[in-house]
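Asks: sharing a sequence plus its predicted fold:
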Amino acid sequence: MSTVEEIRAKYRERKFATTQVLRSNFALKAFLRTMYGWRKDLPEKERKEISAKVDTLVKHPSGAWEALIIAQTDACEPFEKIRKDSEKHLVRLAKSLPVWSEFGKDVFGFGPLSLAIIVAEAGDLSNYSDVGKLNKRLGLAVIDGIRQGGLKKGSKAEDWIEHGYNVQRRAAIWQAIALPMLMHVKRKPDLPYIKLYLERKEFELARDPEMTEAHANSRARRYMEKRLLKDLWKAWRRDQNGCVERSQCRFPDAEIAVAV
């Protein structure tokens, strides 16, 4: 089994363990909310108060439901251990990839687990003849001027098929790239990818005065994610092609498309 195949197998194990814990937690909280009288027709304020009370109770079990909460926590422990062990394994595997030493280790905020997630979701990056195909696989492409996931309700079935958008995969890439990067925006605004994000956000706001800050933020995040993926893809292919200087490698320098 190749390192890429091993990463994908271990990632599926991690994903299964994580899902089991999430399902159990959701079920427990849904039960407790019901016991506290939560209903859809309650005023929003009351629903939020009940949810907050349940969140506190789960963190600090007590009262009539203490035994139930503790039992649920104990039942999840084996899956939590599997998740943690899987992540340690993924980190080791990612560090063994040549692209980690050539590119990944020098990018602040981009850890080996982030690399493992990308490889697990995309597979061998050398299989993508251009970075646009990699972007589409990971939910970051722009198709006919519309970002993946941006189709309106009522769009034709063939349009959805063409977009090939996978919500879970897109969320995984967000957690692998944008989330860890943006944690350092205030402390390290001069780091290359963070600086790129901030500059793109300013550009978007200046380009369209009516654009909301949230919209500009979203577009800037995607731009940053796509740039990092582009650089990662190039580094991967340089290693695969056995070339050191970029000019020695024959592959297209794809543009980074951003759409609403």
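Replies: Cool, the structure landed.
Asks: the helix or strand that Leu228 is a member of packs against which elements?
Replies: Per DSSP states H and E, Leu228 falls inside helix 213-241. With contacts taken as 3 or more C-beta pairs under 8 Å, 6 or more residues apart in numbering; DSSP states H and E, helix 213-241 sits against helix 98-102, helix 112-122, helix 131-137, helix 179-182, helix 192-207. Quick note: C-beta positions are derived from backbone N, CA and C, even for glycine.
Asks: I'd like the ones you listed as a markdown table, with mean pLDDT, mean neighbour count and distance to Val54 appended.
Replies: Shown next, in a markdown table, are those (pLDDT from 0 to 100; neighbours: other C-beta atoms under 10 Å; distance: least, C-beta to C-beta, whole Å):
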| stretch | mean pLDDT | mean neighbour count | distance to Val54 |
| --- | --- | --- | --- |
| helix 98-102 | 94 | 17 | 42 |
| helix 112-122 | 97 | 23 | 30 |
| helix 131-137 | 92 | 21 | 38 |
| helix 179-182 | 91 | 18 | 26 |
| helix 192-207 | 94 | 16 | 36 |
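Asks: re earlier: quick one: buried residues of the helix holding Leu228?
Replies: 216-230, 232-239 (16 or more other C-beta atoms under 10 Å).
Asks: sec struct for Val185, please.
Replies: coil (DSSP: H, G, I helix; E, B strand; the rest coil).
Asks: if I look at it, how far off is Lys195?
Replies: From Val185 across to Lys195, the span is 10 Å (C-beta to C-beta, to the nearest Å).
Asks: could the helices and strands packed on helix 213-241 be laid out in TSV, adding distance to Glu162?
Replies: TSV is the format used below for the helices and strands packed on helix 213-241 (distance: least, C-beta to C-beta, whole Å):
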stretch	distance to Glu162
helix 98-102	30
helix 112-122	19
helix 131-137	10
helix 179-182	28
helix 192-207	26
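Asks: for those, which one sits closest to Arg12?
Replies: With distances scored as C-beta to C-beta, the stretch of these nearest to Arg12 is helix 112-122 (7.7 Å).
Asks: which residues touch the closest one?
Replies: Helix 112-122 has contacts (C-beta atoms under 8 Å, 6 or more residues apart in numbering) with 4, 7-8, 10-12, 87, 90-91, 93-95, 97, 99-100, 104, 125, 128, 134, 137-138, 169, 172-173, 175-177, 180, 229, 232.
Asks: same thing but at 6 Å, please
Replies: For helix 112-122, the surrounding residues in contact (C-beta atoms under 6 Å, 6 or more residues apart in numbering) are 4, 7-8, 11, 90-91, 94-95, 104, 137, 169, 172, 176.
Asks: could you redo those residues as JSON lines and give each row secondary structure?
Replies: What follows is the contacts of helix 112-122, written out as JSON lines (three-state DSSP):
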{"residue": "Val4", "secondary structure": "helix"}
{"residue": "Ile7", "secondary structure": "helix"}
{"residue": "Arg8", "secondary structure": "helix"}
{"residue": "Tyr11", "secondary structure": "helix"}
{"residue": "Leu90", "secondary structure": "helix"}
{"residue": "Val91", "secondary structure": "helix"}
{"residue": "Ala94", "secondary structure": "helix"}
{"residue": "Lys95", "secondary structure": "helix"}
{"residue": "Gly104", "secondary structure": "helix"}
{"residue": "Arg137", "secondary structure": "helix"}
{"residue": "Arg169", "secondary structure": "helix"}
{"residue": "Ala172", "secondary structure": "helix"}
{"residue": "Ala176", "secondary structure": "helix"}
